[in-house]
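In: Just the structure for this:
(2 chains)
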Protein chains: 2
Amino acid sequence: MPTQTGLRTPAPQATARARELVEPALRAAVATLHPLPARMAAFSFGWCEADGTPAPSPGGKGVRQAFALLGAEAVGAPEEAAVQAAVAVELVHTFSLVHDDIMDGDERRRHRDAAWKAFGTGPAVLTGDALFALAVQTVAGAGGGHAGRAVAHLADCLGELVRGQADDLLFEDRPWTGPDAVSIPEYEAMAGRKTGALLGCALSLGPVLAGAPALQTGALVEAGRRLGVAFQAVDDLLGIWGDPLTTGKPVHSDLLRRKKTLPVLAAVARGGGATGRELTRLLGSETVPDATAAQRAAALVEAAGGRGFALEEARRHAAAAQACLRGAGLVESATGELVALSAQLLERRL
Amino acid sequence: MPTQTGLRTPAPQATARARELVEPALRAAVATLHPLPARMAAFSFGWCEADGTPAPSPGGKGVRQAFALLGAEAVGAPEEAAVQAAVAVELVHTFSLVHDDIMDGDERRRHRDAAWKAFGTGPAVLTGDALFALAVQTVAGAGGGHAGRAVAHLADCLGELVRGQADDLLFEDRPWTGPDAVSIPEYEAMAGRKTGALLGCALSLGPVLAGAPALQTGALVEAGRRLGVAFQAVDDLLGIWGDPLTTGKPVHSDLLRRKKTLPVLAAVARGGGATGRELTRLLGSETVPDATAAQRAAALVEAAGGRGFALEEARRHAAAAQACLRGAGLVESATGELVALSAQLLERRL
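Out: Predicted coordinates for the structure are as follows:
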């Protein structure tokens, strides 16, 4: 079983190139917002601190931007379509982070306060709304004659995102065992929406804007969905066994919060015997788990095969995503870069 | 000076007809949402109670639906375009109520708990997001060949809404007097966005979906903006002198919260002399206002001419809206109904 190394490899070339191309357009779009949400958005993008001073190392990893550019390249779309799509996807991504942190009560994000902690819940709601509207405006105002179809595509992605978040909220109140327990297929459908819809949108929005055929855009959407499930499985592994220095969250954080994640759901579903019974008792206990209980739960999840299962699922869905990309008659060089980038993203975290 | 009568006149025929036509399509759209936001949305539309039991007298007044249908009729647009536009506008309206109540901390809405009070802040954020995405999906998926332009139009309206809300939030922290005080033109620009953008969208979205010329859709947008300023002025009057039975809020509620509204801003701007000084002192006092202080402030606002000014502004902007409608070569019967409906809405509340 590979262990979490906490290794920080430099961002691959594709992501650096994408950030260089997309970030000026993204900053220009955000600058058109009202000054209040514009400042909070700049904080949420990591460009500045809460008081407006520039951040020392601004920006995210550029993964979605790279997906957007490579997706467009894969269908031979012009760069302009790719950039507008990448900007819209970044806006939607940040909208969803800002609102999800409110819903999930997460106080920290990328080693800093979440937007609602830094500015208050009301202003954070407003910032998300402003980013959401701007994303729609960006796509609706893109040239090329396919903006209408592209906005419909973006709106469908937004609808999927919201469905995934709604499922995730409902999962919290469901039991760990019995007929109402969250099944693995249900969990993976949620992850496909919550995490995968936006990756699918990143891959396919530029192509839709450029008028690519439905066979290709459909394959890109499905590849994104599969990658989303894979990334979610990896995030779930990191939420239990991740290095706090890398994740910015306490060790075993998802177990301390009794979050329903893939390794734990799999362990409970497979468990039987003494291990399974002890795990179920720990998860169902009325005592709030402390560090010792969380450590014991992590060991039980691993012993019951939950860690191995989640790792296998991550690799299985990533392979399915690659098969989607390779079977859709896309430009080979771009597909190759996409496959390499997603493999690198998965493996370097494991 | 007319006084607030609290009279509940029956909804005019146009709004009843509009509700009959639009509500089935609206309910069908909401039924496509995930069950969690769907139930919270049904509560927010007034169709059911928080526990899901049907509401005794469901639904709002149908004003925006009527505007949407009459706006479409005014350019000779087909009914289908009008209905889809009306559905989208209702979705956006309810999105904005749900999120605004979070931002403003308003606990009550239409004599019931606000959505965030009934379900929690996180679920209310999610419900707003779901309604927002559904509105975009509704317009993007409308037929007729102009959906792309219509979504851009809707997105611009959403952007204006957010700007209005951002201005309103910033106004809270600005002083009542001095160079940084909120001016009357600034206040009315905010109201034109926060209240008027959606009315303009209601009037113009069906026409844009049907491919109406920009001269006509522009006039409808401007008429909506002006009507929004007029309605906001009336709401501001009701927020101070409204009958609590009608408004569902305590008497003088906006003064108790020291909200910056048109009558108070006008009174402070005009005030001088003993009245103005006393009012400024009351508004700037560090003591939280009680009922006696609020009653005194209301009397001072009236004595300084704030009540009369707001009433005049409401009528002036309503007249400007009517001039917009009459000068754009629209179908006369529809324009006549729009003018009559807006006059009725304003006057019956005053």
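In: From now on I want contacts and neighbour counts done on CA atoms only, so please keep to that.
Out: Fine.
In: List the contacts of the nearest residue to residue A:147 once chain neighbours are set aside.
Out: If the residues on either side of it in the chain are set aside, residue A:147 comes closest to residue A:140, at 5.3 Å by CA to CA, 6 or more residues apart in numbering or on different chains. Applying CA atoms under 8 Å, 6 or more residues apart in numbering or on different chains to residue A:140 gives the contacts A:147-148, A:150-151, B:148-149, B:151-152, B:155.
In: now for those, which pair is the farthest apart?
Out: The span of the contacts of residue A:140, defined through CA to CA, is set by A:150 and B:155 at 13.7 Å.
In: Do a quick rundown of the helices in the stretch 151-300 of chain A.
Out: For the stretch 151-300 of chain A, applying DSSP state H, counting those that start in this stretch gives helices covering A:184-191, A:197-209, A:214-241, A:244-247, A:253-256, A:262-270, A:273-284, A:291-303.
In: Dump the ones you listed to TSV, plus mean neighbour count and mean pLDDT.
Out: Shown next, in TSV, are those (neighbours: other CA atoms under 10 Å in any protein chain shown; pLDDT from 0 to 100):
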stretch	mean neighbour count	mean pLDDT
helix A:184-191	19	97
helix A:197-209	32	96
helix A:214-241	24	95
helix A:244-247	15	77
helix A:253-256	21	85
helix A:262-270	24	94
helix A:273-284	17	90
helix A:291-303	19	93
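In: how about those helices, which one is nearest residue B:133?
Out: When the helices of the stretch 151-300 of chain A are compared (using CA to CA), the closest one is helix A:197-209, at 13.7 Å.
In: how far does that closest one sit from the chain's center?
Out: Chain-centre distance of helix A:197-209: 14 Å, with CA atoms, centre = their mean, to the nearest Å.
In: for stretch A:189-203, same thing?
Out: How far stretch A:189-203 lies from its chain's middle: 7 Å, per CA atoms, centre = their mean.
In: That stretch near chain B anywhere?
Out: No - counting by CA under 8 Å from any CA of the partner chain, no contacts exist between stretch A:189-203 and chain B, the nearest distance being 11.9 Å.
In: rewinding a little: give me the distance between the residue nearest to residue A:147 and residue A:38.
Out: Computed with CA to CA, to the nearest Å, the distance linking residue A:140 and residue A:38 is 20 Å.
In: Ok, residue A:272 next?
Out: 53 Å.
In: So between these two, which is more surrounded?
Out: residue A:38 (19 against 14; other CA atoms under 10 Å in any protein chain shown).
In: ok, the more buried one - contacts?
Out: A:30-32, A:127.
In: Is it possible to get CSV of those that adds pLDDT and secondary structure?
Out: Shown next, in CSV, are the contacts of residue A:38 (pLDDT from 0 to 100; DSSP: H, G, I helix; E, B strand; the rest coil):
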residue, pLDDT, secondary structure
A:30, 97, helix
A:31, 96, coil
A:32, 96, coil
A:127, 97, helix
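In: closest to chain B among those residues?
Out: residue A:127 (8.7 Å; CA to the nearest CA).
In: residues contacting the closest one?
Out: A:37-38, A:40-41, A:95, A:98.
In: Residue A:331 is in contact with residue A:72, isn't it?
Out: No - in this structure, residue A:331 is not within contact of residue A:72 by CA atoms under 8 Å, at 9.8 Å.
In: Compare those two (neighbour count), which wins?
Out: Per other CA under 10 Å, whichever of residue A:331 and residue A:72 has more neighbours is residue A:72, with 33 against 17.
In: What's the separation between the more buried one and residue A:217?
Out: Distance from residue A:72 to residue A:217, by CA to CA: 10 Å.
In: Now the closest residue to chain B within the stretch 151-300 of chain A: closest residue in space that isn't a chain neighbour?
Out: The nearest approach of the stretch 151-300 of chain A to chain B comes at residue A:152, 4.8 Å away (CA to the nearest CA). In this structure, residue A:152 finds its nearest non-sequential neighbour in residue B:140, 4.8 Å apart by CA to CA, 6+ apart.
In: do residue A:258 as well
Out: Per CA to CA, 6+ apart, closest to residue A:258 is residue A:283, 6.8 Å.
In: Residue A:154 versus the one you found, what's the distance?
Out: With CA to CA as the criterion, residue A:283 and residue A:154 are 38 Å apart.
In: how about the most centrally placed residue in chain A, what does it touch?
Out: In chain A, the centroid-proximal residue (CA atoms, centre = their mean) is residue A:195; its distance is 4.2 Å. Residue A:195 makes contact with A:161, A:164, A:225, A:228-229, A:231-232, according to CA under 8 Å, 6+ apart.
In: How about the contacts made by the residue nearest to residue A:258?
Out: A:176, A:258, A:297.
In: what residues does the lowest-mean-pLDDT helix or strand in chain A touch?
Out: Using mean pLDDT, DSSP states H and E, helix A:244-247 stands out as the lowest-scoring helix or strand of chain A, at a mean of 77. For helix A:244-247, the external contacting residues (CA under 8 Å, 6+ apart) are A:6, A:110, A:238-239, A:250-251.
In: Could you save these as TSV and add columns showing distance to chain B?
Out: Formatted as TSV, the contacts of helix A:244-247 follow (distance: CA to the nearest CA, whole Å):
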residue	distance to chain B
A:6	32
A:110	21
A:238	25
A:239	22
A:250	23
A:251	25
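In: Cross-check the contact I'm expecting between residue A:158 and residue B:133.
Out: Yes - with contact defined as CA under 8 Å, residue A:158 reaches residue B:133; the gap is 5.9 Å.
In: Looking at the contacts of helix A:244-247, which is nearest residue B:200?
Out: Nearest to residue B:200 among those, with distances taken as CA to CA, is residue A:110, at 40.3 Å.
In: For that closest one, which non-adjacent residue is closest in space?
Out: residue A:248 (6.5 Å).
In: so who does the closest residue to residue A:108 other than its chain neighbours touch?
Out: Excluding the flanking residues, the one nearest residue A:108 by CA to CA, 6+ apart is residue A:114, at 4.9 Å. Residues in contact with residue A:114 (CA under 8 Å, 6+ apart) are A:44, A:98, A:101, A:106-108.
In: Okay then, goodbye and thanks.
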